[in-house]
Structure formats: structure tokens, C-alpha cells
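*Asks:* pasted the sequence and its predicted model underneath.
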Amino acid sequence: MTALRLGTRASALATTQSRLVADLVRDRLGRDVELVEISTEGDRSSAPLAQLGGTGVFVSALREALLDGRIDLAVHSLKDLPTAPCEGITLAAVPTREDPRDVVVARDGLTLGELPVGSRVGTGSPRRAAQLHALGLGLEVTGIRGNVDTRVGKVQAGSYDAVLLARAGLARLGRVDEATEVLDPLQMLPAPGQGALAVECRSDDLELVAALAALEDPHSRAAVDAERAVLATLEGGCSAPIGALAEVVEGEDGDELWVRAVALSHDGGLSVRMSASGAPADAAGVGSRLAGEMLADGAAELTAAPAKRQNA
């Protein structure tokens, strides 16, 4: 049987994530896997993601390679996937999710609360920037792009006092000890899907779609389905920075899904924050209803609030 061709971006984090999935495929499907590097617009450009068209710039080239038959499956950071379905492509598996929280990498081992007023903190995420402003710590929030090495290197070089990153990326690279603080979701809700991987293949490859189900973690899938439903519903009604986190917990009557979400003005001055619970089997429904309540409570008007600061 021929080896499966797994498409991946060329960055250290992307190839590490793809190797994790390749190992799962070998262990659970008994198939050999070869990695095929695909260059994306997001990798080639240093412009802010919002200017390039959002996180989908990391996804489209891999999907094109799937559809034209250059690769058999692709691995993405799930938070990079647009919420709208892609014709001809199936999200075949969501493996067990890494810790989805954000972390701080700061000079001198400092936490956010220990950074002096005016400290320069780098993030390319409007979601992180808005929540940083909402904390009222008097930090200078500045845009930044680049891989983990680049961002951490800017702290080590003294260009920034701290940067914010996803804990999952550091963990997969074996660098989680470099984080000086793991942020409580009460302070910083992560991006929908953060910490999870998405394994996609062609919808007409029915045999592979069925086989990849062996990589699926049902609790991780339910959580990200709820978070992505929050994002999809809110994106239809506003373009505010959005954070969401869901988890499946064991209850008296079986598993229960809990979802928390926030939408903020870009300056962090205004926010709508809500939570909901429901059955994991209705994950998307729980997320959609929660987001609908947030829109009804004013989330749609957040981007109309005057922004005090510009964030990349």
C-alpha cells in the first residue's frame, strides 16, 4: 500500500504538528506517511493577518493541494480554519486537544501583573490585544508577526518586554518552560479552536474519511464545534475580537458541555461576556444559541465603539 501524502506548512511548529498526526496515522491506521511541504501566503508575507484576509491565508494553499491531488490529507491548527464549509473537503478528525490557554513569555521571568506600566507587549491578535487593554494594566500593546523563535527572540533582544503566545505551540515544540505565566481564561479567553488540530481530506475519498475517524477525540471535537459555532454566529453579526472556550465535564447525568465566550471592542473598553451549557451531542447548537444571546445583548454594536488605540 502506498504511503499517504500529508500536506504541511514548512514552519517548525507546523511540521511538528504534522509529525504528531503522521505518528497517529501509522499507529492507528497502519499506513506509512510522507510529509509534503506546501508554501502558503501567510508564510510568504510579513503583513498583518487582518490585512491578508485573516487566518484562512494559512489554509487555502493546503486545501488547493488536496483538491488537485498533490496530497491525501492536511493538518492545520484548527483555530486557522474558516468557519464556513469548504466544498470537496471534509474535516475528518480532531485529535486530542492540547491545553488551549494563552501564555506570557516575559523578560526576567515576569508575569503580566508584574510588568511595569508602559511595558511593551507584542501580539498580532486583536483578541489578545483587546483583552490585554481590558485588564487595565497600562501596557503598550504592539503588533508582531513571526514564528515562535522570532517572537521569543524579540523579548530576549529587548525589543519587547513580553509576548503572548498559545501554550499549545510551545508545548508541542518542547518549549513550554519558556512561558513565564499561563493565563487564566478568566483573564484571557483563547481563540476558538486554539490548541486543537484539524485533519482534512477530500470528501470523495470515502475510505480515508472513514479510516481517519480512528484519530478522533469526541470531547475535543465537541468543544471545538461549540467554539466554532460561537465564532460563526458572531462573525455574521459583528467583527469584534472574539474569545471562546468549551470543555466537556462529567456531570451527575452524564457528560455536559460548558462554553464561555467574550466579544470586545478593539480597545477593550466594552465587552459582552456570557456562558452556557448543554449536551455534547448538541455542541454546535449550544454555541450558536450562546452567540445569538450575545448579539442580542449588544455584541453587534461593539465595533461601533470608538477605538482608543490601533492594534495590529
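*Replies:* Received it, and whenever you're ready, just let me know what you need. Quick caveat: nothing in here was measured; it's all calculated off a predicted structure. Numbering: from 1, shown residues only.

*Asks:* low-confidence ranges in the stretch 1-150 of the chain?
*Replies:* Within the stretch 1-150 of the chain, the ranges that satisfy pLDDT under 70 run 40-57.

*Asks:* no no, the stretch 201-312 of the chain
*Replies:* Judged by pLDDT under 70, the stretches of the stretch 201-312 of the chain that qualify are 304-312.

*Asks:* mind listing the helices for it?
*Replies:* 206-212, 218-235, 283-296 (DSSP state H, counting those that start in this stretch).

*Asks:* just checking, what packs against the second one?
*Replies:* Helices and strands in packing contact with helix 218-235 are listed as strand 242-251, strand 254-264, helix 283-296; criterion 3 or more Cβ pairs under 8 Å, 6 or more residues apart in numbering; DSSP states H and E. Yep, even glycine has a C-beta here, placed from its N, CA and C like the rest.

*Asks:* in CSV, list the C-alpha atoms belonging to that helix.
*Replies:* Output of helix 218-235 as CSV, limited to C-alpha atoms (Å, rounded to 0.1, in the frame of the first residue of the first chain):
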residue,chain,number,x,y,z
PRO,A,218,-15.0,13.1,20.8
HIS,A,219,-14.6,15.5,23.7
SER,A,220,-12.1,17.7,21.8
ARG,A,221,-14.5,17.7,18.7
ALA,A,222,-17.5,18.7,20.8
ALA,A,223,-15.5,21.5,22.4
VAL,A,224,-14.2,23.0,19.2
ASP,A,225,-17.6,22.5,17.4
ALA,A,226,-19.2,24.7,20.1
GLU,A,227,-16.4,27.3,20.0
ARG,A,228,-16.6,27.5,16.2
ALA,A,229,-20.3,27.8,16.3
VAL,A,230,-19.9,30.8,18.6
LEU,A,231,-17.4,32.3,16.2
ALA,A,232,-19.5,31.6,13.1
THR,A,233,-22.6,33.2,14.6
LEU,A,234,-20.8,36.2,16.0
GLU,A,235,-19.0,36.8,12.7
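
*Asks:* what's the most buried one of the helices of the stretch 201-312 of the chain?
*Replies:* The highest average neighbour count among these, using mean count of other Cβ atoms under 10 Å, belongs to helix 218-235 at a mean of 24.

*Asks:* with distance to Val141 added, can I get the helices and strands packed on helix 218-235 in TSV?
*Replies:* Listed next are the helices and strands packed on helix 218-235 as TSV, based on distance: least, Cβ to Cβ, whole Å:
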stretch	distance to Val141
strand 242-251	15
strand 254-264	13
helix 283-296	24
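
*Asks:* quick check: mean pLDDT across stretch 181-188?
*Replies:* For stretch 181-188, the mean pLDDT works out to 96.

*Asks:* quick one: buried residues of that stretch?
*Replies:* Applying a neighbour-count criterion of 16 or more other Cβ atoms under 10 Å, one finds Glu181, Leu183, Pro185, Met188 buried in stretch 181-188.

*Asks:* now, the most widely separated pair of those?
*Replies:* Largest separation among the buried residues of stretch 181-188 by Cβ to Cβ: Glu181 and Pro185, giving 13.2 Å.

*Asks:* run a quick neighbour tally on Gly118.
*Replies:* 10 (other Cβ atoms under 10 Å).

*Asks:* repeat that for Gly243.
*Replies:* Using other Cβ under 10 Å, Gly243 has 27 neighbouring residues.

*Asks:* please name the nearest non-neighbouring residue to it.
*Replies:* Closest residue to Gly243 in three dimensions, ignoring its sequence neighbours and counting by Cβ to Cβ, 6 or more residues apart in numbering: Leu189, at 3.0 Å.

*Asks:* mind checking how far the one you found is from Ala244?
*Replies:* 6 Å (Cβ to Cβ, to the nearest Å).
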